[in-house]
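> Give me a 3D structure for the following:
(one chain, ligands or ions: 1)
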Amino acid sequence: MLPNLNTQYYQYIFNHVLSSLYPVICCNEPATRPIKNRPADVRCSKCLKQHSKLSNTPFRNLRIPQAFAGWAIEESYIRHPKVLTAMEIQKQLGISYKSALNLKRRIQIMACQMMPVMKRLIRKELEQEFPKDWKLPPDGENVTPHVYNKNVVHADTLVLYSMKDRYGRKRHKNKGLTSSIYRSDKLGGEQVGTLVHQITNGKWVLLDSIPNLTANVCGPIIKESLPRNTCLFTDRDYTWLYRIYPNHRMVNHSLKSSDKRFKYSRDRWCQNGVHNQKSEGLNNSIKTAFRSYTFTNPKFSTMYLNEWSFFRNLRCFGLEELGKEKASEIV
Ligand SMILES: [Zn+2]
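Sure, this is the predicted structure:
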């Protein structure tokens with residue numbers, strides 16, 4: 001155990017997170033009164049009935065002190081965009097690797113359970129930012145004055161743990177980024193890297209682990225999270241999106257230069273005020289963060305990605321807002 005872990009403080013943090021996101025309701029009120037020597041229970045202050053505060057949360061049957069979980073949550077929050085690995089939890093808290101990984105998984109499950117709530121908050125925010133009558137000028141015109149003061153949404157993809165420089169990359173079946181996450185058929189053909197679809201407005205972020213870049217895969221993800229009228233900037237991989245999203249614009253990263261001395265045009269990163277810089281910046285920060293894990297199995301990619309975006313979005317929306325939105329689903 002940490003030589004001077006402030007158990008009381010971290011217990012408070014844990015209670016606060018739990019009562020905000022998973023409140024125990026009794027007599028139409030959240031029950032929060034602690035019971036002496038029974039850290040897993042709370043008492044309703046009206047009818048004095050006892051309730052388990054962990055039973056309907058990812059922390060049920062927690063075998064380590066709750067303060068440890070409080071510490072891990074706060075540490076991940078403070079550290080973001082860097083991540084807290086299971087190895088570090090093990091070292092810092094002096095528990096076994098198995099318990100540390102177990103704790104990490106519990107936090108990841110909490111993040112996954114909060115994703116629908118965050119998506120609702122994002123949708124609400126976007127509906128306000130881009131009302132039904134808001135429209136960009138026709139494609140090809142400069143959009144800069146129109147998106148001034150608007151929080152434009154950017155979408156992009158990135159690869160984590162690519163097979164790029166490794167032996168046995170699958171070359172012929174897929175194109176571009178997709179080919180770098182699969183091993184060749186001769187060697188089993190399994191997925192090694194993780195292909196990440198990213199939607200962001202620079203503050204919040206939504207990450208999805210995807211098998212490839214086709215419209216059938218990315219379309220539903222975008223449709224599920226963004227209202228129709230959202231102003232969305234992407235690169236040329238999303239040609240199919242224009243029909244669904246009228247305010248979608250693309251930037252051509254491989255625009256040819258008209259001067260034959262250069263291969264690419266100077267404007268390849270920004271055309272008519274359309275650019276993709278918010279995602280590019282975030283791409284870097286995700287890649288740097290995931291380097292601390294050394295490697296994650298693509299099987300668990302959704303858990304790791306949701307954990308990362310959970311702590312980013314928590315900073316953006318705050319615990320209280322999130323709890324309020326979650327509570328609204330019960331009623
Ligand atoms: Zn009660």
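
> The stretch 101-250 of the chain: helices as residue ranges?
144-147, 176-179, 215-225 (DSSP state H, counting those that start in this stretch).

> Distance to Lys278, mean neighbour count and mean pLDDT for those - can I get that in a markdown table?
In short, each C-beta sits where N, CA and C put it, glycine included. As requested, the helices of the stretch 101-250 of the chain are arranged in a markdown table below (distance: least, Cβ to Cβ, whole Å; neighbours: other Cβ atoms under 10 Å; pLDDT from 0 to 100):
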| stretch | distance to Lys278 | mean neighbour count | mean pLDDT |
| --- | --- | --- | --- |
| helix 144-147 | 12 | 13 | 75 |
| helix 176-179 | 19 | 17 | 70 |
| helix 215-225 | 16 | 15 | 89 |
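
> Out of these, which is closest to the ion?
The minimum distance between the ion and the helices of the stretch 101-250 of the chain falls on helix 215-225, with 37.5 Å, by Cβ to the ion.

> Show me what the closest one is packed up against.
helix 97-129, strand 153-160, strand 194-200, strand 205-210 (3 or more Cβ pairs under 8 Å, 6 or more residues apart in numbering; DSSP states H and E).

> For the chain, which residues score under the pLDDT cut-off?
1-3, 162-176, 253-260, 262-273, 330-331 (pLDDT under 70).

> Flag every residue of it that's near the ion.
Contacts of the chain with the ion, taken as Cβ under 5 Å from the ion, map to 26-27, 44, 46-47, 49.

> would you list the helices and strands packed on helix 215-225 in TSV and tack on distance to Asn313 and mean neighbour count?
Output for the helices and strands packed on helix 215-225, formatted as TSV (distance: least, Cβ to Cβ, whole Å; neighbours: other Cβ atoms under 10 Å):
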stretch	distance to Asn313	mean neighbour count
helix 97-129	5	18
strand 153-160	14	23
strand 194-200	10	22
strand 205-210	7	22
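
> Pretty sure Tyr293 sits against Val83.
Yes. Assessed by Cβ atoms under 8 Å, Tyr293 is found in contact with Val83 at 6.9 Å.

> Generate CSV for the helices and strands packed on helix 215-225, with distance to Gln90 as supplementary columns.
As requested, the helices and strands packed on helix 215-225 are exported to CSV (distance: least, Cβ to Cβ, whole Å):
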stretch, distance to Gln90
helix 97-129, 4
strand 153-160, 23
strand 194-200, 24
strand 205-210, 26
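
> Return stretch 277-296 as PDB; C-alpha atoms alone will do.
Extracted in PDB, the C-alpha atoms of stretch 277-296 (Å, rounded to 0.1, in the frame of the first residue of the first chain):
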ATOM      1  CA  GLN A 277      -6.500  19.900 -37.500                       C
ATOM      2  CA  LYS A 278      -8.500  19.100 -34.400                       C
ATOM      3  CA  SER A 279      -8.400  15.400 -35.100                       C
ATOM      4  CA  GLU A 280      -4.800  15.400 -36.200                       C
ATOM      5  CA  GLY A 281      -3.800  16.900 -32.900                       C
ATOM      6  CA  LEU A 282      -5.900  14.400 -31.000                       C
ATOM      7  CA  ASN A 283      -4.500  11.500 -33.000                       C
ATOM      8  CA  ASN A 284      -1.100  12.400 -31.700                       C
ATOM      9  CA  SER A 285      -2.200  12.500 -28.100                       C
ATOM     10  CA  ILE A 286      -4.000   9.200 -28.400                       C
ATOM     11  CA  LYS A 287      -0.900   7.500 -30.000                       C
ATOM     12  CA  THR A 288       1.400   8.900 -27.300                       C
ATOM     13  CA  ALA A 289      -1.000   7.700 -24.500                       C
ATOM     14  CA  PHE A 290      -1.300   4.200 -25.900                       C
ATOM     15  CA  ARG A 291       2.400   3.800 -26.200                       C
ATOM     16  CA  SER A 292       2.500   3.400 -22.300                       C
ATOM     17  CA  TYR A 293       0.500   0.200 -22.700                       C
ATOM     18  CA  THR A 294       3.100  -1.100 -25.100                       C
ATOM     19  CA  PHE A 295       0.400  -3.200 -26.700                       C
ATOM     20  CA  THR A 296      -3.300  -3.900 -26.200                       C
END
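
> I appreciate the help and will end here.
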